[in-house]
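S.K.: compute the structure for the input listed below.
(one chain, ligands or ions: 1)
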Amino acid sequence: MSVIAIDGAAGLAALRERLHHDLSLLELPAKAWVPPRSVNGEHIHDIVIVGGGMCGLVAYFALKCGGMRNVRIFDRNPAGREGPWVTYARMETLRSPKQLAGPAFGIGALTFRAWFTAQFGEAAWNALDKIPRPMWMDYLRWYRKVLGIPVENEVQVDSILPEGDYLRLALSGSGAREASILARKVIMATGRDGTGIPNIPYFVAGVPKSCWAHSSEDIDFGTLKGKRVVVVGVGASAVDNSAEALDAGAAEVRHLIRRKEMPTINKMMGIGSFGFISGFPELPDEWRWRFMHYSFVTQTPSPRGSTLRVSRHSNAYFHFGKAIERVERSGGELLIEMRDGSRLATDFLILGTGFTVDPLARPEMPGYAGEILLWKDRYTPPEDMRNRELANFPYLDSDFAFQERTPGKAPWLRHIHCFNYGATASLGKVSGDIPGISEGAQWLARSLAARLYAEDVAIHWQGMLDYDKPELLGDEWAASEIEETVGGGAPRAVGKGN
Ligand SMILES: Cc1cc2nc3c(=O)[nH]c(=O)nc-3n(C[C@H](O)[C@H](O)[C@H](O)COP(=O)(O)OP(=O)(O)OC[C@H]3O[C@@H](n4cnc5c(N)ncnc54)[C@H](O)[C@@H]3O)c2cc1C
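M.R.: Now for the predicted structure:
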């Protein structure tokens, strides 16, 4: 889609004014209220956010609005390249409808729509079908800038370890100002694979790495020109990678799909509502499991536009019922053997196999990730609803905090808040996808404020006792005596001023 700026710079300048005016009308951000802390002369950060993608940005803004200012936010990627949008996402447009308020946090001037129309006008907005992917990243860059969110880029949080009452975060990377810092709370806004890793199936174990890639890797599609490519799976990422390979001139692209039929219905999108967002976390385990299991089994289809982008190529194929049994390299090609006995030769394999949720795989929690309470520790589903993937999700507290599997073994887990895809099984769709992200950030900020306040309650109490600034100066009233009357007459006030 091509859009012509009406006067982009002036439009954005006016929008910035409007936004800051709206914020001032709402008295946002609230004044800072968390008492500072230090230990042995070292500053303690109230909250550290790991990840400066969409979730990290909205979380930071929510905390700031709530008067929590002693906050740092880190991202290992260079500025403007956080998250998947201009790194490994390969779709032309977002799946989400363009009008979703997403990270706007209830403020009209912060919406994608306001940002878009400020630059391109209403007519272009009406003509826009879906949001072009790189444009969404441009919007997030503006969001960060206009709100002054101080993401520290090229800082990797290597580990989070307990130290006394606090958490010590080891930092590395060219942007790191310190080797380590102390924090009271940590928010893991680490993304789609933020509580796990890319899902790499066993059958590539012996295959040279030059012959395969996971869809989340940096793939040089130019090198696939004239090559035969197999894409494993048919989810959104699988289809987008397939389209990229075809557009780059691959000789053929074949999707090998384990399931027998194409998933076509986006169940979770269909039932999205304020009720679902608010009600899901409060449902009993049985119901939460049932919803999630069903959504996993029915699978989210790839978007229509992405699928058509593949099938408009005559050399694209969708093969259903093809579970891969074995892959081996032979005579310069890859031989794939399917469970149904069929065989196929190809040159390159792309794994569109998604991500696993597996806290143990995360390097940031060395030695204690195994202490995280998981769904499998808390809930045993009926036989026909067994689900290994779901069973590995962390069983979070209502404030996104991890919980201990064995009480007392890793109590610091309650200070680490999982604000990423890993929270889905416990709290629903409020910590990853665009639609519910502001609600999620709002809950998170409230919960953290409540925790910080409770931990400092003695200081706040003392603050109440010490507060001595009079609101009345003494010249606003006059005390009077009551002159007792005998015999039922009205009392007559006597005193200063009478
Ligand atoms: C290909 C793709 C397409 C999607 N399309 C849509 C869509 O159309 N609509 C929708 O609603 N949702 C979509 N999603 C889902 C969701 O909106 C995105 O995943 C979104 O990026 C989530 O934001 P996030 O902040 O949780 O994660 P991210 O944007 O991935 O940000 C996480 C950040 O954490 C950083 N990080 C991780 N670990 C560390 C560490 N140890 N130290 C420092 N930094 C770290 C990473 O560098 C990254 O920048 C899509 C997801 C993908 C993967």
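
S.K.: drop to CA atoms for contacts and neighbour counts, all remaining ones
M.R.: OK.

S.K.: what pLDDT is listed against A345?
M.R.: pLDDT, A345: 98.

S.K.: what residues are up against the closest residue to it other than its chain neighbours?
M.R.: Leaving aside its sequence neighbours, A345 sits nearest to L335 (C-alpha to C-alpha, 6 or more residues apart in numbering; 4.6 Å). Each residue near L335 by C-alpha atoms under 8 Å, 6 or more residues apart in numbering is listed here: V327, E328, R329, R343, L344, A345, T346.

S.K.: can you pull the phi and psi angles for L335?
M.R.: For L335, the backbone dihedrals are phi -100, psi 120 (criterion: degrees, to the nearest 10).

S.K.: where are the low-confidence patches of the chain?
M.R.: 1-6, 486-498 (pLDDT under 70).

S.K.: okay, now S398: neighbour count?
M.R.: By the criterion of other C-alpha atoms under 10 Å, S398 has 15 neighbours.

S.K.: where do the helices sit along the protein?
M.R.: Assigned by DSSP state H, the helices in the chain fall at 8-25, 54-65, 112-127, 133-146, 236-247, 267-270, 274-279, 285-298, 304-311, 375-378, 388-391, 424-427, 437-455, 457-466.

S.K.: quick one on the thing from earlier: beta partners for the residue nearest to A345?
M.R.: E328, A345 (DSSP bridges).

S.K.: and the gap between W289 and F276?
M.R.: Distance, W289 to F276, by C-alpha to C-alpha, to the nearest Å: 14 Å.

S.K.: for E282, the count of nearby residues, please.
M.R.: Per other C-alpha under 10 Å, the neighbour tally for E282 reads 13.

S.K.: re the thing from before, which one's more surrounded, W289 and F276?
M.R.: Per other C-alpha under 10 Å, whichever of W289 and F276 has more neighbours is W289, with 23 against 13.

S.K.: in JSON lines: the helices of the chain, plus distance to E483.
M.R.: Formatted as JSON lines, these follow (distance: least, C-alpha to C-alpha, whole Å):
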{"stretch": "helix 8-25", "distance to E483": "50"}
{"stretch": "helix 54-65", "distance to E483": "53"}
{"stretch": "helix 112-127", "distance to E483": "67"}
{"stretch": "helix 133-146", "distance to E483": "65"}
{"stretch": "helix 236-247", "distance to E483": "85"}
{"stretch": "helix 267-270", "distance to E483": "74"}
{"stretch": "helix 274-279", "distance to E483": "60"}
{"stretch": "helix 285-298", "distance to E483": "69"}
{"stretch": "helix 304-311", "distance to E483": "86"}
{"stretch": "helix 375-378", "distance to E483": "72"}
{"stretch": "helix 388-391", "distance to E483": "78"}
{"stretch": "helix 424-427", "distance to E483": "65"}
{"stretch": "helix 437-455", "distance to E483": "49"}
{"stretch": "helix 457-466", "distance to E483": "36"}
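
S.K.: quick check: residues of the stretch 201-350 of the chain near the ligand?
M.R.: By the rule C-alpha under 6 Å from any ligand atom, the part of the stretch 201-350 of the chain lying against the ligand is S237.

S.K.: smallest gap between the stretch 201-350 of the chain and the ligand, at which residue?
M.R.: Closest to the ligand within the stretch 201-350 of the chain is S237: 5.7 Å, counting by C-alpha to the nearest ligand atom.

S.K.: thinking that residue is in contact with A89, fair?
M.R.: Yes: the pair S237 / A89 is scored as a contact, 7.4 Å apart, by C-alpha atoms under 8 Å.

S.K.: show me which of the two is the more surrounded one.
M.R.: Higher neighbour count among S237 and A89: S237, with 24 against 21, using other C-alpha under 10 Å.

S.K.: how about the contacts made by that one?
M.R.: A89, R90, M91, S215, S302, G352, G354.

S.K.: ok, now R414?
M.R.: A401, F402, Q403, E404.

S.K.: near the ligand, list only the ones from those residues.
M.R.: Okay, of the contacts of R414, nothing touches the ligand (C-alpha under 6 Å from any ligand atom).

S.K.: what is the nearest of those residues to the ligand?
M.R.: A401 (15.7 Å).

S.K.: who is the closest one paired with across the strands?
M.R.: Under DSSP bridges, the beta-bridge partners of A401 are H417.

S.K.: that one touches N420, doesn't it?
M.R.: No: at 11.4 Å, A401 does not count as touching N420 under the criterion of C-alpha under 8 Å.

S.K.: tell me how many other residues surround the residue nearest to R144 when sequence neighbours are not counted.
M.R.: Nearest residue to R144, sequence neighbours excluded (C-alpha to C-alpha, 6+ apart): L57, at 6.8 Å. As a burial measure, L57 scores 24 neighbours (other C-alpha under 10 Å).

S.K.: list the residues that contact R37.
M.R.: Counted by C-alpha under 8 Å, 6+ apart, R37 has contacts H43, I44, H45.

S.K.: what distance do you get for the first one to the ligand?
M.R.: Which is H43. From H43 over to the ligand the distance is 20 Å, taken as C-alpha to the nearest ligand atom, to the nearest Å.

S.K.: quick check: chain neighbours aside, which residue is closest to that residue?
M.R.: R37 (6.5 Å).

S.K.: stretch 431-446 vs the ligand: in contact?
M.R.: Yes: using C-alpha under 6 Å from any ligand atom, we find that stretch 431-446 touches the ligand at G432, D433, I434, P435.

S.K.: ok, and the most crowded of the residues you listed?
M.R.: Of those, with other C-alpha under 10 Å as the count, G432 tops at 24 neighbours.

S.K.: from L15, how far off is that one?
M.R.: Relative to L15, and taking C-alpha to C-alpha, G432 is found at 26 Å.

S.K.: G428 is in contact with P281, isn't it?
M.R.: Yes: in this structure, G428 is within contact of P281 by C-alpha under 8 Å, at 6.4 Å.
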